[in-house]
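**Student:** this is the structure alone, sequence omitted:
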């Protein structure tokens, strides 16, 4: 499985990499523009990401805008619903409207920071994502 971690905070990025490496090969971006570029590059390489953990508050282009662009690109490429990248939004924001906006734009799950390992594991299971060893 190919995973993209879009996170500008070094501590959160390190945690996510350490945790998610059990699930697949992780790439990292630090802003929204890099995230969209990495998503497009993966498609061009015919090895698209299966999971993106996308921080909402990032420089250059926030996570909600990046999410919207990614879903628009998938629509343009006519990607079937079951083949779309699964996107988990992560944020330290505690605003209910932000959560609603993220789901309206097409994310599958939401994880509040600081990330709880057990909760993240449950979210991954619900999305059908299993560790590499299984």
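**Tutor:** That came through fine. All values derive from a computational prediction rather than experimental measurement.

**Student:** tell me the spacing between residue 2 and residue 92.
**Tutor:** Separation of residue 2 from residue 92 (Cβ to Cβ, to the nearest Å): 26 Å. In this view, the C-beta of every residue, glycine as well, is placed from N, C-alpha and C.

**Student:** and the two? which has more neighbours close in?
**Tutor:** Under the criterion of other Cβ atoms under 10 Å, the comparison of residue 2 against residue 92 puts residue 2 first, with 16 against 12.

**Student:** these two touch, right, the more buried one and residue 24?
**Tutor:** Yes - at 6.0 Å, residue 2 and residue 24 qualify as touching, with contact defined as Cβ atoms under 8 Å.

**Student:** which residues are in contact with both of the two?
**Tutor:** Residues touching both residue 2 and residue 24 (Cβ atoms under 8 Å, 6 or more residues apart in numbering): 50, 51.

**Student:** in the host helix or strand of residue 118, what's buried?
**Tutor:** Here residue 118, judged by DSSP states H and E, is contained in helix 117-126. Within helix 117-126, the residues that qualify as buried by neighbour count (16 or more other Cβ atoms under 10 Å) are 120, 123, 124.

**Student:** mind checking how far the nearest residue to residue 22 once chain neighbours are set aside is from residue 19?
**Tutor:** Spatially, and ignoring its direct neighbours in sequence, residue 22 is nearest to residue 131 (4.6 Å; Cβ to Cβ, 6 or more residues apart in numbering). Distance, residue 131 to residue 19, by Cβ to Cβ: 10 Å.

**Student:** repeat for residue 56
**Tutor:** Computed with Cβ to Cβ, the distance linking residue 56 and residue 19 is 19 Å.

**Student:** for residue 29, same thing?
**Tutor:** Counting by Cβ to Cβ - residue 29 and residue 19 are separated by 17 Å.

**Student:** more neighbours: which of the two?
**Tutor:** When neighbours are counted by other Cβ under 10 Å, residue 29 and residue 19 differ, and residue 29 comes out ahead with 23 against 17.
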